[in-house]
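In: Predicted coordinates and the sequence they were generated for:
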Amino acid sequence: MDDVANESMTFEKFEGKSVLVVGASGFFGRHVIERLGAVGAEVTAFSRSVPKRMPPNVVIRQGDASDPSQVAAAFAAAAPDVVYHLTSDSMGGREAELIPTSMRNDVLATLNVLLEAKHRGTARVVMTGSMEEPSGEAAEAVPSSPYAAAKWVTAGYARMLASLHDLPVVVLRLMMTYGPGQKAYKVVPATMLSLLENRPIKLGSGSRLVDWVYIDDVTDAFMRAAVAPYPGAASIDIGSGQLVSVRECLETIGDLTGRPHLLNFGALPDRPMEMVRAADGERAARLLDWRPSTTLRDGLALTQESMARLVGSRSRSNT
């Protein structure tokens, strides 16, 4: 069966299903909701801030996933067949001051969703892991940031609840995702915006090797993870399987914008303890019938087109 037929069958499985998206206003949440709205799912969007530009017929519910009572109320209202837990405090800083907010917004929020899903017998929960999670034996693995530690802990809780309490949770360990609508402080949009506005940007060496994956491909993995035969709670890598340096990625942006001279590599120090991990695509292919289809250059070009429209609209509104 070809990929188009497989995708059509995947979409049909969502029609009429109730889907709760926690973290609906974030980068992943907005893309997942847009895709769900196109396939006939009954979507409830739950987030601390009111999501913008939602598809029609999406029920918007404002709330904080770190509060168990608000999570319980969202579940009661939506009665979801599928839950996407996509909220995250995704600051990559190493400062100890980030630990309390990461505990609240990553660990507590995730546990509240998982426990409520267990309580209500939800048919499937899909949540995110991170490429930043440490590898190796637990006694020796050292997380590189509060965010990495939080993602490591929540993936462990997911496996525990799946094993001891039969919670059907799927953990997608995402590699370096990029694309339209990403937070402006992330390296791809920050660099792209500076170059489109003809401003120089200070960067680190760019030597870190990264597995880059485009948001549309990631969204497809999210969709498949909700309806595929249950693959278990062991994390499934979602990425290209190829390592490309940050410098090469940003130089591609320079080439696409015609402004490579604005890239100032080595002007900032590199972060210590940066994880290098390429996706092992075998599990995603076997369990989700998923493979990425967007090359890095094509994904960056699509992202640039979207950001150029945004920059253009800002310029027109300021004239």
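Out: Nice, I can see it. Numbers count the residues shown, from 1 in each chain.
In: give me the low-pLDDT residue ranges for the stretch 101-250 of the chain?
Out: 136, 139 (pLDDT under 70).
In: That one: helices as residue ranges?
Out: 109-120, 146-165, 187-196, 215-227, 246-257 (DSSP state H, counting those that start in this stretch).
In: Identify each buried residue in the helix with the most length in the chain, please.
Out: The residue-count maximum for a helix in the chain (DSSP state H) belongs to helix 296-317. Buried residues in helix 296-317, counted by 16 or more other C-beta atoms under 10 Å: L296, G299, L300, L302, T303, Q304, S306, M307. Every residue, glycine included, has its C-beta placed from N, CA and C.
In: again, but for stretch 115-130
Out: So, applying 16+ other C-beta under 10 Å, buried residues of stretch 115-130: 115-118, 122-130.
In: try stretch 129-136
Out: So, applying 16+ other C-beta under 10 Å, buried residues of stretch 129-136: G129, S130, M131, E132, E133, P134.
In: now stretch 70-83
Out: Counting neighbours by 16+ other C-beta under 10 Å, stretch 70-83 gives Q70, V71, A74, F75, A78, P80, D81, V82, V83 as buried.
In: ok, now stretch 218-237?
Out: Quick answer for stretch 218-237 (16+ other C-beta under 10 Å): 218-228, 231, 233, 235-237.
In: repeat for stretch 193-211
Out: L193, S194, L195, L196, I201, L203, G204, G206, R208, V210, D211.
In: State the phi and psi torsions of the last one.
Out: It stands for D211. Backbone dihedrals for D211, given as degrees, to the nearest 10, come out at phi -90, psi 110.
In: which residues are contacting stretch 254-264?
Out: 191-192, 194-196, 198-203, 250-251, 297, 300-301, 304 (C-beta atoms under 8 Å, 6 or more residues apart in numbering).
In: what is the rounded mean pLDDT of it?
Out: Stretch 254-264 shows a mean pLDDT of 97.
In: Which of the buried residues of stretch 70-83 fall in helices?
Out: Those of these lying in helices (DSSP H): Q70, V71, A74, F75, A78.
In: Report the separation between the fourth one and K118.
Out: If I follow you right, that is F75. 11 Å (C-beta to C-beta, to the nearest Å).
In: swap in the second one?
Out: When C-beta to C-beta is applied, the distance between V71 and K118 equals 12 Å.
In: got it, and G281?
Out: 30 Å.
In: Got the phi and psi for L263?
Out: Torsion angles, degrees, to the nearest 10, at L263: phi -90, psi 110.
In: when you give positions from now on, start the count at 55
Out: New numbering, starting at 55: the last item is L317.
In: what number of residues lie near it?
Out: By other C-beta atoms under 10 Å, 21 other residues sit near L317.
In: cool, and D270?
Out: What D270 shows, counting by other C-beta under 10 Å, is a neighbour count of 16.
In: same question, A203
Out: Using other C-beta under 10 Å: A203 sits among 21 other residues.
In: That one contacts P197, correct?
Out: Yes. The criterion here is C-beta atoms under 8 Å, and A203 meets it with P197 at 3.7 Å.
In: So for M63, what pLDDT did the model give?
Out: 50.
In: wait, I meant G146
Out: 64.
In: same deal with G94?
Out: pLDDT, G94: 89.
In: quick one: it and G70 touch, right?
Out: Yes. Look at G94 against G70 with C-beta under 8 Å: they come within range, at 6.5 Å.
In: tally of neighbours for P314?
Out: 14.
In: try P200
Out: Around P200 there are 24 residues (other C-beta under 10 Å).
In: Quick one: residues contacting it.
Out: Going by C-beta under 8 Å, 6+ apart, the list of residues near P200 reads M145, G147, R148, E149, A150, L152, I153, S156, M157.
In: Give me the subset of those lying in strands.
Out: Among the contacts of P200, no member falls in strands (DSSP state E).
In: most surrounded residue in those?
Out: Busiest of these [other C-beta under 10 Å] is S156, holding 23 neighbours.
In: roughly how far apart are it and Q358?
Out: 31 Å.
In: before we move on, what about A238?
Out: Distance from A238 to Q358, by C-beta to C-beta: 14 Å.
In: How about A192?
Out: In terms of C-beta to C-beta, A192 sits 41 Å off from Q358.
In: my read: P326 touches G147, true?
Out: No. P326 lies out of contact with G147 (C-beta under 8 Å); the separation is 11.7 Å.
In: overlap in contacts of these two?
Out: What both P326 and G147 touch, as defined by C-beta under 8 Å, 6+ apart, is an empty set.
In: got the contact list for Q296?
Out: Q296 touches D265, A332, counting by C-beta under 8 Å, 6+ apart.
In: One more pass at 10 Å, please.
Out: M229, L263, V264, D265, W266, V267, A332, A333, G335, P346, T349, L350 (C-beta atoms under 10 Å, 6 or more residues apart in numbering).
In: show me what contacts the second one?
Out: Neighbour list for L263: Q296, L297, V298, S299, V300, R301, E302, E328, V330, R331, A332 [criterion: C-beta under 10 Å, 6+ apart].
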